[in-house]
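Participant: what's the 3D shape of this:
(4 chains)
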There are 2 protein chains.
Amino acid sequence: MKDNWKAPTVIDVAKAADVSISTVSRVINDYKHIRPEIRLRVQKVMEQLGYIPNRQARSLVGSRSGVVGLMVHELGTEYVAQITKGIDEVLFENDYDLMLYTTHRKPEKEVTYMRSIANGLADGLLIIVPSVGDSYLEPLRSADFPHVLVDVDTDNHNSWSVGSTNWQGAYGATNYLLELNHRRIGIITDQEGLSVSERRLEAYKAALQSHGVKFDPALVQRDDYASPFTGHLVEALLSLEDPPTAIFTTCDAAALQVMETLRLKNIRVPHDISVVGFDNIYQASIASPGLTTVLHPMYSMGRTAAEILLEQIKKPGLSPKHIQLETQLIIRESCAARLD
Amino acid sequence: MKDNWKAPTVIDVAKAADVSISTVSRVINDYKHIRPEIRLRVQKVMEQLGYIPNRQARSLVGSRSGVVGLMVHELGTEYVAQITKGIDEVLFENDYDLMLYTTHRKPEKEVTYMRSIANGLADGLLIIVPSVGDSYLEPLRSADFPHVLVDVDTDNHNSWSVGSTNWQGAYGATNYLLELNHRRIGIITDQEGLSVSERRLEAYKAALQSHGVKFDPALVQRDDYASPFTGHLVEALLSLEDPPTAIFTTCDAAALQVMETLRLKNIRVPHDISVVGFDNIYQASIASPGLTTVLHPMYSMGRTAAEILLEQIKKPGLSPKHIQLETQLIIRESCAARLD
DNA sequence: ATGAAAGCGCTAACAT
DNA sequence: ATGTTAGCGCTTTCAT
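Facilitator: Numbers count the residues shown, from 1 in each chain, chains lettered A, B, ... in the order given. Here you go, the predicted structure:
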């Protein structure tokens, strides 16, 4: 790469403004005790020269890098996209750049990345990974490196995290179905061990119990929401001797598939069977019938996570908290009352 | 951030391996003329110490930063997600990191970013922006900074770019409709001035002409695909004195909306009206009826763009080319023959 | 309030 | 084939 125009440095600015480079640095970093006239002069010169601080140099000396890392398990879902959007906006507002890292990568690389990040490559790390191992987090924690977990539902972590009221959301959804007189409610949920899914399943059970309905393990089907594929699960549910009259699918993308499967089988929603989802992605609203679902505040979680992270970067040492955002039942047309 | 464990540097490695730091540097950078035993020894020490090269330091001295920038106009669409996925994979395979930059930002910031990027913050830049102004690109070009435009359809640029055969795709789609005996074919397309959309509109006209059908400007509706909202456009089309029997919507997200609008009006697809989309996003396949559309190779474009960029970084000075990937008509159930 | 100088981790001449 | 050294652009003591 030929470089005809060399970017101006602090030295160039210092010369042009007839001050020392330390003064320039102070102006850049908003140091208080500078003669206003000097500050102004330097700023004007920076403007004229088109001076832009070199991020690499800054972070090399151990100051802020102006970069935040984002670790994601998968690109391409609306779920991730919405969270990312929230994050991106906050970062923009605060003049931070985003470094994206996907975990389809090999485990050894993961560790390398964590180290690079904690090493000044970034000032903080946001993590959207359904099941973050503590081994991952350990390096970050022991270095007191600012990081926040997005969309987890547990606060026994020694890390900051933001999530949503999964329990209340799932309880509300199940309850809604129960009040519609459904008694056999199938549930399709994610792999075991994910805090978020476990919480939803618990709430489902609790709601059943509150209505005196006995929990039937046969009504529980597990999917892998990393790549939802619910066809056979619906089959399994339908082929029970006492099949469900409603299916609660704890993920809209999967719920939409469930609706499609039912449609292909000429089973009408909501006439023959009711369906409830979780997330409230855009497609849920334009599906036909509109999918009744639980609003999962993905965008807000993204924003909140970023805000918390920036807060941490500013004042390190705050003790970790888990922040919960509200979920909300969105009623559309995919559910009907069961007639006796 | 307290830092109990300081990351090892070249100096630490040099000491432990009893060589000079230049030797260590040479090992890191795969320099040829090193005694194999020494190389091995150094590598072993790096392993033991958990040494990771500091990116900031590297790029500061003007060597590769190991980072590629990605400039995107909007997050959150499957279109962008698919392209990004392709990019991310190639970058991963080649050990590059991704820096994300969205252009909802203020224009002045845009320039700053371009400068930072071209200044060593990254080794190259990928651009997914439907309408990139030449003024943007000028700084990159004059600095001979590696960059490639993703999904543009014009090669009069002085930049590398990858796109797809929009013309052929749109021609094929229109032709398909014509052979189904449709003569009044509405087209909903993006804002004027976007190379991609213009090409599709041209092809639409060409196909009509090849079948001896006169082009009617009243059948052309413009949307803004940044946030598709087609309801009123469909209305406009339907209220023509001689309304279309088919609608070609050059974007699946918009086409899906068109289908929904028609459904709400109790107009059956494809019985009453045929619909064709463009992109072949996932939702097109599970929609009901399945949306006939033109496959737009988003993922492949992402991959190709990243590959080209890396190529450029490796051997600078290659003269810019425009690379075209194939589109393909995907026939599903949203179209039917018009009966006389 | 401002300047001088050291040094962050690394690479690239320039020796040898 | 390997070592020495000078910076890259910036922040940060330490002086003054």
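Participant: contacting residues for the residue lying closest to residue A:312 once chain neighbours are set aside?
Facilitator: Distances taken as C-beta to C-beta, 6 or more residues apart in numbering or on different chains put residue A:146 closest to residue A:312, at 4.0 Å, once the chain neighbours are dropped. Just so you know, the C-beta spots here come from the backbone N, C-alpha and C atoms, and that holds for glycine as well. By C-beta atoms under 8 Å, 6 or more residues apart in numbering or on different chains, residue A:146 lies in contact with A:123-125, A:309, A:312-313, A:316, B:1.
Participant: For the residues you listed, which two are the farthest from each other?
Facilitator: Greatest spatial distance in these: A:125 and A:316, 13.8 Å, computed using C-beta to C-beta.
Participant: out of the two, which sits in the busier spot?
Facilitator: More crowded of residue A:125 and residue A:316, by other C-beta atoms under 10 Å in any protein chain shown: residue A:125, with 24 against 12.
Participant: now the more buried one, what's its secondary structure?
Facilitator: strand (DSSP: H, G, I helix; E, B strand; the rest coil).
Participant: Assign a three-state SS to residue A:333, would you?
Facilitator: Of the three states, residue A:333 takes coil according to three-state DSSP.
Participant: Quick check on it: phi, psi?
Facilitator: phi -110, psi 10 (degrees, to the nearest 10).
Participant: so it touches residue A:271, yeah?
Facilitator: No: judged on C-beta atoms under 8 Å, residue A:333 makes no contact with residue A:271 at a distance of 10.6 Å.
Participant: between the two, who's got more neighbours?
Facilitator: Ranked by neighbour count (other C-beta under 10 Å), residue A:333 and residue A:271 place residue A:333 first, with 13 against 9.
Participant: related to what we said a few turns ago, what separation do you get for the residue nearest to residue A:312 and DNA strand C?
Facilitator: 19 Å (C-beta to the nearest atom of the strand, to the nearest Å).
Participant: Give me the pLDDT for that residue.
Facilitator: According to the prediction, residue A:146 has pLDDT 93.
Participant: can you give me the strands for the stretch 101-250 of chain A?
Facilitator: Applying DSSP state E, counting those that start in this stretch to the stretch 101-250 of chain A gives strands spanning A:124-128, A:147-150, A:160-164, A:185-189, A:220-222, A:246-249.
Participant: Give me the contacts around the fifth one.
Facilitator: With contact meaning C-beta under 8 Å, 6+ apart, strand A:220-222 is reached by A:186-192, A:201, A:230, A:233, A:236-237.
Participant: Just the buried residues of those residues.
Facilitator: Buried members of the contacts of strand A:220-222, scored by 16 or more other C-beta atoms under 10 Å in any protein chain shown, are A:186-190, A:201, A:230, A:233, A:236-237.
Participant: nearest to residue B:251, of those?
Facilitator: Residue B:251 lies nearest to residue A:230 out of the buried ones among the contacts of strand A:220-222, by C-beta to C-beta, at 27.4 Å.
Participant: Run a quick neighbour tally on the nearest residue to that closest one once chain neighbours are set aside.
Facilitator: Distances taken as C-beta to C-beta, 6+ apart put residue A:257 closest to residue A:230, at 4.6 Å, once the chain neighbours are dropped. The number of residues packed near residue A:257 is 21, by other C-beta under 10 Å.
Participant: And for residue A:45?
Facilitator: Residue A:45 has 21 nearby residues by other C-beta under 10 Å.
Participant: doesn't residue A:17 make contact with it?
Facilitator: Yes: assessed by C-beta under 8 Å, residue A:45 is found in contact with residue A:17 at 4.3 Å.
Participant: Next, show the common contact partners of these two.
Facilitator: Here residue A:45 and residue A:17 share no contacting residue, scored by C-beta under 8 Å, 6+ apart.
Participant: Quick one, which of the strands of the stretch 101-250 of chain A gets closest to residue B:247.
Facilitator: Judged by C-beta to C-beta, the one of the strands of the stretch 101-250 of chain A that comes nearest to residue B:247 is strand A:246-249, at 32.0 Å.
Participant: Would you pull up how far that closest one lies from the middle of the chain?
Facilitator: Taking C-alpha atoms, centre = their mean, to the nearest Å, one finds strand A:246-249 lying 24 Å from the centre of the chain it belongs to.
Participant: likewise stretch A:221-238?
Facilitator: On C-alpha atoms, centre = their mean, the centre of stretch A:221-238 falls 23 Å from the chain's centre.
Participant: buried stuff in it?
Facilitator: A:221, A:223, A:225, A:228, A:230, A:233-234, A:236-238.
Participant: Quick check: mean pLDDT of that stretch?
Facilitator: Averaged over stretch A:221-238, pLDDT sits at 90.
Participant: Then stretch A:278-290?
Facilitator: Stretch A:278-290 shows a mean pLDDT of 89 in the predicted model.
Participant: Check stretch A:5-22 too.
Facilitator: Stretch A:5-22 carries an average pLDDT of 92.
Participant: Please save the CA atoms from that stretch in PDB.
Facilitator: Only the C-alpha atoms of stretch A:5-22 are listed here, as PDB (Å, rounded to 0.1, in the frame of the first residue of the first chain):
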ATOM      1  CA  TRP A   5      -0.400  11.200   2.500                       C
ATOM      2  CA  LYS A   6       0.900  10.500   5.900                       C
ATOM      3  CA  ALA A   7      -1.600  10.900   8.800                       C
ATOM      4  CA  PRO A   8      -0.600  13.800  11.200                       C
ATOM      5  CA  THR A   9       0.600  12.800  14.600                       C
ATOM      6  CA  VAL A  10       0.800  14.500  17.900                       C
ATOM      7  CA  ILE A  11       4.200  15.800  16.900                       C
ATOM      8  CA  ASP A  12       2.800  17.500  13.800                       C
ATOM      9  CA  VAL A  13       0.100  19.100  15.900                       C
ATOM     10  CA  ALA A  14       2.500  20.100  18.600                       C
ATOM     11  CA  LYS A  15       4.700  21.800  16.100                       C
ATOM     12  CA  ALA A  16       1.900  23.600  14.300                       C
ATOM     13  CA  ALA A  17       0.400  24.800  17.500                       C
ATOM     14  CA  ASP A  18       3.800  25.600  19.000                       C
ATOM     15  CA  VAL A  19       3.300  23.600  22.100                       C
ATOM     16  CA  SER A  20       4.800  20.400  23.500                       C
ATOM     17  CA  ILE A  21       3.400  17.000  22.600                       C
ATOM     18  CA  SER A  22       2.300  16.500  26.200                       C
END
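Participant: Okay, the residue lying closest to residue A:335 once chain neighbours are set aside and residue A:259: tell me how far apart.
Facilitator: Once flanking residues are discounted, residue A:335 sits nearest to residue A:274: 3.9 Å by C-beta to C-beta, 6+ apart. For residue A:274, the distance to residue A:259 equals 11 Å [C-beta to C-beta, to the nearest Å].
Participant: repeat for residue A:163
Facilitator: 27 Å.
Participant: Quick check on these two: which one has the bigger neighbour count.
Facilitator: More crowded of residue A:163 and residue A:259, by other C-beta under 10 Å: residue A:259, with 28 against 25.
Participant: Test my guess that the more buried one contacts residue A:291.
Facilitator: Yes: using C-beta under 8 Å, residue A:259 makes contact with residue A:291 at a distance of 7.0 Å.
Participant: which neighbours do these two share?
Facilitator: A:275, A:334.
Participant: that older thread, report the set of residues contacting both of residue A:274 and residue A:259.
Facilitator: Applying C-beta under 8 Å, 6+ apart, one finds that residue A:274 and residue A:259 are jointly contacted by residue A:334.
Participant: Report the contact partners of residue A:123.
Facilitator: Residue A:123 sits next to A:64-68, A:96, A:146, A:313 when contact means C-beta under 8 Å, 6+ apart.
Participant: So which of these is the closest to residue B:40?
Facilitator: Taking C-beta to C-beta as the measure, residue B:40 lies nearest residue A:65 of the contacts of residue A:123, at 33.7 Å.
Participant: Many thanks, we can stop here.
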